[in-house]
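J.: My questions concern the predicted model and sequence given below.
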Amino acid sequence: MLSAAPGLAASSARLDAPAAATSSLADEVPGSGTLAQAMPFVGTTPPAGAVAKPQPLGTTAPGAAKPPAGDPHTILPQPPVGKAAIGMSARFGEKEPLVPRGLVWRVFADHPEASGAYPLVAEAAEPAPVFFLSPGGYVVHVSYGLASVARRIVVGEESRREQVIIPAGGVRLQADVLDKPIAAQKVEFDIFEGSFLQGRASSRPFFRGANPGDLIVLPAGDYYVVSTYGEGNAVIQADLQVAPGKVTEATLHHRAAEMTFRLVSAAGGDALPETQWSVLSPGGDAIKESINAQPTFALAEGEYTAVARQDGKTYTKDFIVEAGKNGPVEVLVGEQAAPPSINADEGSGD
């Protein structure tokens, strides 16, 4: 299992498929890129003074229950006349720690306006806010990264505490080749719900374009990660499990290399300009194409054919990619003849 974010615990491991470890999410803060990007409710701006920070001084409201063990609201502040103080907090699970930071709270009326929108009554970006609410029904929505929970509450005359469970975990990903980290700008990750190995994976990414080292906070559950290294076919998948309150740190191991292609008149010579390149699989399928004098592709280990087209002629060369062995692929003008399936009409280039 892979695993931490603000408040998450962590561990780590490797996958070759990946390796993963986990730690506490409660000790980390998720980056802004992990915040939920949409809300199920819309409405008006909350009135000023609708949210109050928990105060260390004050008296418990008459009739209010004592806080449960682990509740951050030891004492609730005295609410304005006609309102009740509702102390909110969240934890990762029934037996998991409190979420210490990174939460976004929104309180909506539980009945829509004529437009169909649910009015926004109050909001806060604190781990344990206190909302001063008039008697009535509300929907409290809290988000943590890409995980969120909504709860309907009914407020009476008495102040009280409410605690929600938000089963979220974190993922932090890295990639390497033969234990050498891949530069961050050359690799990215897409995260899908489900299991690639068990054939029950979503076809649409839950989170797209994660960078190495980013902390992505997700609802707890099963996911699989697609790691794309450079431009080419260096793509691998790995299953991960996200546990509540934990951060999974995983390294995906690519078996690939970066190959730079050059069409030259003599070995070691300058690359000829205006060259069109294709890289073919042993079966003749095109893997990558480019119009560049010296393109570089990250290719999974295996056998390939390089095809160079320049000045109306076509040249080819077979080559082998070995993991971690970056290097040039030089195609010499006049020494490699294109097979008929590639360019029968243009000749060999000799």
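T.: Sure thing, it's come through. This one's a predicted model, so the numbers in the text were calculated from it and none came from an experiment. Residues are numbered from 1 along each chain as shown.

J.: show me where the stretch 151-300 of the chain has strands.
T.: 160-165, 168-177, 180-181, 187-195, 200-201, 207-210, 215-219, 221-229, 234-242, 246-254, 256-264, 276-280, 286-291, 296-300 (DSSP state E, counting those that start in this stretch).

J.: Return the member of these having the minimum mean pLDDT.
T.: Among those, strand 200-201 carries the lowest mean pLDDT, a mean of 76.

J.: want to throw the strands of the stretch 151-300 of the chain into JSON lines with distance to Gly324?
T.: Heads up, the C-betas are built off the backbone N, CA and C, glycines and all. As requested, the strands of the stretch 151-300 of the chain are exported to JSON lines (distance: least, Cβ to Cβ, whole Å):
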{"stretch": "strand 160-165", "distance to Gly324": "45"}
{"stretch": "strand 168-177", "distance to Gly324": "5"}
{"stretch": "strand 180-181", "distance to Gly324": "7"}
{"stretch": "strand 187-195", "distance to Gly324": "15"}
{"stretch": "strand 200-201", "distance to Gly324": "29"}
{"stretch": "strand 207-210", "distance to Gly324": "24"}
{"stretch": "strand 215-219", "distance to Gly324": "27"}
{"stretch": "strand 221-229", "distance to Gly324": "12"}
{"stretch": "strand 234-242", "distance to Gly324": "12"}
{"stretch": "strand 246-254", "distance to Gly324": "9"}
{"stretch": "strand 256-264", "distance to Gly324": "6"}
{"stretch": "strand 276-280", "distance to Gly324": "19"}
{"stretch": "strand 286-291", "distance to Gly324": "19"}
{"stretch": "strand 296-300", "distance to Gly324": "12"}
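
J.: Show me how this structure divides into domains.
T.: 1-249, 256-343 (automatic domain parsing).

J.: re earlier: so which of the strands of the stretch 151-300 of the chain is nearest Gly145?
T.: strand 215-219 (2.3 Å; Cβ to Cβ).

J.: re the thing from before, format the strands of the stretch 151-300 of the chain as JSON lines; extra columns: distance to Ser24 and mean neighbour count.
T.: Formatted as JSON lines, those follow (distance: least, Cβ to Cβ, whole Å; neighbours: other Cβ atoms under 10 Å):
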{"stretch": "strand 160-165", "distance to Ser24": "17", "mean neighbour count": "18"}
{"stretch": "strand 168-177", "distance to Ser24": "10", "mean neighbour count": "28"}
{"stretch": "strand 180-181", "distance to Ser24": "24", "mean neighbour count": "10"}
{"stretch": "strand 187-195", "distance to Ser24": "21", "mean neighbour count": "20"}
{"stretch": "strand 200-201", "distance to Ser24": "28", "mean neighbour count": "14"}
{"stretch": "strand 207-210", "distance to Ser24": "20", "mean neighbour count": "17"}
{"stretch": "strand 215-219", "distance to Ser24": "12", "mean neighbour count": "25"}
{"stretch": "strand 221-229", "distance to Ser24": "19", "mean neighbour count": "22"}
{"stretch": "strand 234-242", "distance to Ser24": "14", "mean neighbour count": "22"}
{"stretch": "strand 246-254", "distance to Ser24": "7", "mean neighbour count": "27"}
{"stretch": "strand 256-264", "distance to Ser24": "33", "mean neighbour count": "23"}
{"stretch": "strand 276-280", "distance to Ser24": "45", "mean neighbour count": "20"}
{"stretch": "strand 286-291", "distance to Ser24": "42", "mean neighbour count": "14"}
{"stretch": "strand 296-300", "distance to Ser24": "35", "mean neighbour count": "21"}
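
J.: can you map out the helices along the stretch 251-350 of the chain?
T.: In the stretch 251-350 of the chain, the helices defined using DSSP state H, counting those that start in this stretch lie at 340-343.

J.: Pass me the low-pLDDT residue ranges in the stretch 51-200 of the chain, would you?
T.: 51-70 (pLDDT under 70).

J.: Now do the contacts for the spatially closest residue to Arg309 that is not a sequence neighbour.
T.: Counting by Cβ to Cβ, 6 or more residues apart in numbering, Arg309 lies nearest to Gln276, which is 4.3 Å off, once chain neighbours are set aside. Contacts here follow Cβ atoms under 8 Å, 6 or more residues apart in numbering; on that basis Gln276 touches Glu289, Ser290, Ile291, Ala308, Arg309, Gln310.

J.: And for Ser134?
T.: Contacts of Ser134 by Cβ under 8 Å, 6+ apart are Gly82, Lys83, Ala84, Val155.

J.: Got a PyMOL select line for the buried ones in those?
T.: Selection of buried members from the contacts of Ser134 for PyMOL, criterion 16 or more other Cβ atoms under 10 Å:
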select buried, resi 83+84+155
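
J.: Sort out for me which of the contacts of Ser134 are in strands.
T.: Among these, DSSP state E puts Ala84, Val155 in strands.

J.: Format the contacts of Ser134 as CSV; extra columns: distance to Leu25.
T.: Shown next, in CSV, are these (distance: Cβ to Cβ, whole Å):
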residue, distance to Leu25
Gly82, 39
Lys83, 34
Ala84, 32
Val155, 30
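
J.: All set, thanks.
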